[in-house]
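**Student:** Sequence plus the predicted model coming up.
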Amino acid sequence: MPLLAGSQLAKAFGAQDIFADVKVSLPHGARVALVGPNGAGKTTLLRVLAGLEEPSAGAVKVAKGVRLGYLPQEAYSVLQGPPEARHPHPESGRTLWEEMLTAFAALRETEAELRDLEAAMADPARHDAAMERYGPLQHQFELDGGYAYETRIRQVLAGLNFEVGDYGKRLRLFSGGQKTRALLARLLLESLDLLILDEPTNHLDLHAIEWLETWLGEWRGAVLIVSHDRYFMDRVAQHIWALEAGRLTEYRGNYSAYVVQRAERQTRRQTEFESQQAYLNKEMDFIRRNMAGQNTRQAKGRLRRLERLLKTPGEVATRPAEMQTMKLRMEAEARSGDRVLETRGLAVGYAEDGRVLFRVPDLLLWRGECAALIGPNGAGKSTFLKTVLGQTPPLAGAAKLGSSLRVGYFAQAHEGLKPERTVIEEIQASQEMPPGKARGYAAKFLFTGDEAYKTVAVLSGGERGRLALAKLALAGANLLLLDEPTNHLDIPSQEILEAVLSEFDGTILLVSHDRYLIDDLATQVWAVESGTLEVFKGSWSEYAAWRETQKAEGETQAAPRAAPVEQAQPISPKPQLSKNEERKRAARAAELEALIADLERQKAQVTQALETAGTDFAKSRALGERYARLENEIASYVEEWGELVA
């Protein structure tokens with residue numbers, strides 16, 4: 001029996017049908033990604049399946065005992081939900097750590113009972129009964145991870161980029177994105193059978209996304225995900241549900257497999273339609289020519305067969321619907337000089353606090369190249385773009401733009417859009433044109449009818465992104481500085497943007513978490529790590545493979561010769577260590593490995609002893625405390641070892 005199944009599901013708001021006749025089934029261990037254009041009803045379908053909304057028709061059945069967790073796009077917008085889809089209250093007075101502890105409520109109740117039993121065993125009158133209960137309970141507590149749940153919390157919070165200093169902070173003081181990450185962390189810690197996640201990567205940087213991919217790959221439960229991150233779906237999904245024009249179609253495989261199958265399906269449907277239309281036209285032509293001639297009887301017979309065919313539901317192929325997509329063109333009006341961007345001794349940061357966000361090696365970006373700037377949230381990537389533009393002065397050094405440049409800038413937060421202006425007014429502000437022409441241009445970016453007169457203030461994130469791209473396309477730029485251009489865009493719009501940029505004959509400096517986009521466009525990767533920028537000559541796939549090789553080899557420092565970079569542009573601006581320091585680090589790393597291995601052996605011995613302790617209270621308590629100490633020691637040494645080999 002599947003964990004969850006939906007039959008003949010439909011949802012309508014007033015006279016508008018969102019989807020209809022949807023049949024779905026989620027078996028144990030399923031990995032499903034739900035895709036479709038913005039407005040197709042993906043979030044609505046997730047909420048119906050999670051039991052947060054009632055369908056207009058059909059029914060959802062959840063297997064008995066299944067525990068389900070739901071992650072909304074914005075955690076702070078959701079109030080306390082039903083038990084099967086719990087959410088932290090946006091005004092919760094709990095700290096981040098206290099919120100994570102709620103995932104282990106049952107374990108902590110057992111832990112409290114163990115403490116009570118320990119106290120009871122000190123009373124001679126209650127000793128025997130307490131001892132009899134304590135042994136099995138303590139054994140089960142250990143099997144359920146009772147001595148390791150705090151370590152698990154720290155691992156998940158670190159994976160999702162929370163700092164230790166965040167642990168004691170009240171949830172209500174967090175930003176919306178932090179609250180969403182906190183809810184995701186708690187859901188990952190709970191013992192759930194099914195996770196329903198709506199855009200889980202929205203507030204994660206590349207490091208956290210890759211960590212989540214690894215976590216989901218090792219998790220045994222089922223997951224249903226809505227995501228616009230194509231690379232993420234390639235790594236996680238085994239099935240794709242495509243919701244388009246109110247109908248759901250299932251495809252086997254990951255996102256890349258879906259793209260191929262979708263194209264084949266579209267081609268097949270178009271061929272079937274054209275073939276049937278040719279047959280119908282041929283039959284109608286015969287009927288017209290012979291209805292009054294010698295072949296009247298044959299013509300009437302064909303007409304009856306044709307009428308039966310046309311009246312039979314599902315027998316006549318319909319023309320495949322063409323998805324409405326934006327019509328984007330990005331053309332440079334003039335050629336720039338060959339040397340597009342140069343830096344000398346550049347330090348990026350803000351003069352107000354004087355803190356250097358990161359230092360940049362001396363760079364030279366040539367015409368026609370695409371550099372992808374990656375790094376954790378808050379590392380200073382957007383600040384680097386503003387420094388290049390001259391909007392933010394450098395703390396040291398200089399960034400120099402080349403000659404004959406016309407710069408087009410796509411800001412992540414779309415700061416250039418005026419909230420009080422309409423879509424039409426924003427377009428006319430970029431290029432003077434008559435209202436009729438402006439409306440036609442807006443329609444190319446899916447602003448049709450009254451939508452062209454919406455003010456920027458009421459536009460969704462995706463609509464603002466399309467409007468910003470519409471303005472960028474009018475700039476005629478030969479250097480594009482793009483800060484998260486695919487944020488909030490649906491997948492069809494991402495694919496169009498990717499295709500247009502791949503044909504762009506100018507230069508691109510791209511800040512993005514979209515690895516699909518980076519892999520298609522980038523000729524080099526600029527990675528911000530630990531306060532420095534490293535340059536890698538090659539695509540994202542080559543960079544990721546090189547990084548995995550370095551990780552697998554466990555080298556104590558980066559090896560510049562292993563990366564395909566020019567000698568004049570070192571990949572690692574980290575300080576070079578002396579041979580003596582290298583030997584010391586290597587020796588300490590080897591020492592830590594031996595310590596960790598020894599502690600793991602001790603932990604295994606303690607685990608075995610706990611299983612045979614029986615009702616010996618003193619022995620069980622001592623062993624439990626010893627187990628917890630070993631866990632903490634191992635975690636500490638592993639952290640130090642990781643810092644040495646990074």
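**Tutor:** Arrived safely. Numbering: from 1, shown residues only.
**Student:** For the rest of this, base every contact and every neighbour count on C-alpha atoms.
**Tutor:** Will do.
**Student:** Tell me which residues of whichever strand or helix holds residue 97 come out buried.
**Tutor:** For residue 97, the host element (DSSP states H and E) is helix 96-101. For helix 96-101, the neighbour count (16 or more other CA atoms under 10 Å) marks 96-97, 99-101 as buried.
**Student:** for stretch 61-78, same thing?
**Tutor:** By neighbour count with 16+ other CA under 10 Å, stretch 61-78 contains the buried residues 62, 67-76.
**Student:** Could you pull out the strands in the stretch 501-646 of the chain for me?
**Tutor:** Per DSSP state E, counting those that start in this stretch, the stretch 501-646 of the chain carries strands over the ranges 507-511, 524-529, 532-537.
**Student:** TSV for those strands, including distance to residue 432?
**Tutor:** Supplementary listing: the strands of the stretch 501-646 of the chain in TSV, determined by distance: least, CA to CA, whole Å:
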stretch	distance to residue 432
strand 507-511	26
strand 524-529	37
strand 532-537	41
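**Student:** Among the ones you listed, show me which one is buried the most.
**Tutor:** Ranked by average neighbour count under the criterion mean count of other CA atoms under 10 Å, the strands of the stretch 501-646 of the chain are headed by strand 507-511 at a mean of 25.
**Student:** So for the most centrally placed residue in the chain, what pLDDT did the model give?
**Tutor:** Here the mean C-alpha position of the chain is nearest to the C-alpha of residue 201 (CA atoms, centre = their mean), at a distance of 2.6 Å. pLDDT, residue 201: 92.
**Student:** check contacts around it.
**Tutor:** 209, 227, 229 (CA atoms under 8 Å, 6 or more residues apart in numbering).
**Student:** I'd like the buried residues of stretch 61-78 as TSV, with distance to residue 166 and secondary structure appended.
**Tutor:** Listed next are these as TSV, based on distance: CA to CA, whole Å; DSSP: H, G, I helix; E, B strand; the rest coil:
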residue	distance to residue 166	secondary structure
62	36	strand
67	28	coil
68	27	strand
69	24	strand
70	23	strand
71	21	strand
72	22	coil
73	22	coil
74	19	coil
75	18	helix
76	17	helix
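**Student:** And those residues, which is closest to residue 334?
**Tutor:** Nearest to residue 334 out of these is residue 73 (CA to CA; 41.7 Å).
**Student:** The closest one: what's it in contact with?
**Tutor:** Neighbour list for residue 73: 180, 198-200, 202 [criterion: CA under 8 Å, 6+ apart].
**Student:** quick check, nearest of those to residue 28?
**Tutor:** residue 198 (19.5 Å).
**Student:** The closest one touches residue 228, doesn't it?
**Tutor:** No. Residue 198 is not in contact with residue 228 according to CA atoms under 8 Å; the separation is 9.9 Å.
**Student:** which one of the two has more residues nearby?
**Tutor:** Between residue 198 and residue 228, counted using other CA atoms under 10 Å, residue 228 has the larger neighbour count: 28 against 23.
**Student:** confidence score at the residue nearest to residue 462 when sequence neighbours are not counted?
**Tutor:** Spatial nearest neighbour of residue 462, excluding adjacent residues (CA to CA, 6 or more residues apart in numbering): residue 488 at 4.5 Å. pLDDT for residue 488: 84.
**Student:** Then residue 312?
**Tutor:** pLDDT, residue 312: 83.
**Student:** if we can go back for a sec, CSV please, covering the contacts of residue 73 and showing distance to residue 267 and secondary structure.
**Tutor:** Below are the contacts of residue 73 laid out as CSV (distance: CA to CA, whole Å; three-state DSSP):
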residue, distance to residue 267, secondary structure
180, 40, helix
198, 31, strand
199, 30, coil
200, 33, coil
202, 33, coil
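**Student:** Let me have these in TSV, extended by distance to residue 27.
**Tutor:** Below are these laid out as TSV (distance: CA to CA, whole Å):
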residue	distance to residue 27
180	27
198	19
199	21
200	21
202	26
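**Student:** Can you tell me which of those residues has the most neighbours?
**Tutor:** Most neighbours among these, by other CA under 10 Å: residue 180, with 25 neighbours.
**Student:** Return the distance of that residue relative to residue 149.
**Tutor:** Computed as CA to CA, to the nearest Å, the residue 180 to residue 149 distance reads 21 Å.
**Student:** And for residue 432?
**Tutor:** Distance from residue 432 to residue 149, counting by CA to CA: 62 Å.
**Student:** what's the answer for residue 460, then?
**Tutor:** 40 Å.
**Student:** and if you look at residue 507?
**Tutor:** Distance, residue 507 to residue 149, using CA to CA: 50 Å.
**Student:** if we can go back for a sec, right, so of the strands of the stretch 501-646 of the chain, which gets closest to residue 107?
**Tutor:** Residue 107 lies closest to strand 524-529 among the strands of the stretch 501-646 of the chain, at 38.0 Å (CA to CA).
**Student:** can I assume the residue nearest to residue 462 is in contact with residue 468?
**Tutor:** No. Using CA under 8 Å, residue 488 is not in contact with residue 468, being 11.9 Å away.
**Student:** Give me the more crowded residue out of the two.
**Tutor:** It is residue 468, of residue 488 and residue 468, that has more neighbours when counted by other CA under 10 Å, with 23 against 19.
**Student:** For residue 10, identify the helix or strand it belongs to.
**Tutor:** Counting by DSSP H and E, the element that carries residue 10 is strand 4-13.
**Student:** Would you confirm that residue 492 belongs to a strand?
**Tutor:** No. Residue 492 is assigned helix when assessed by DSSP: H, G, I helix; E, B strand; the rest coil, not a strand.
**Student:** what sits against residue 348?
**Tutor:** The contact partners of residue 348, by CA under 8 Å, 6+ apart, come to 356-360, 380, 383-384, 387, 394-396.
**Student:** I'd like the strands of the stretch 501-646 of the chain as a markdown table, with mean pLDDT and distance to residue 19 appended.
**Tutor:** As requested, those are exported to a markdown table (pLDDT from 0 to 100; distance: least, CA to CA, whole Å):
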| stretch | mean pLDDT | distance to residue 19 |
| --- | --- | --- |
| strand 507-511 | 95 | 36 |
| strand 524-529 | 94 | 42 |
| strand 532-537 | 94 | 46 |
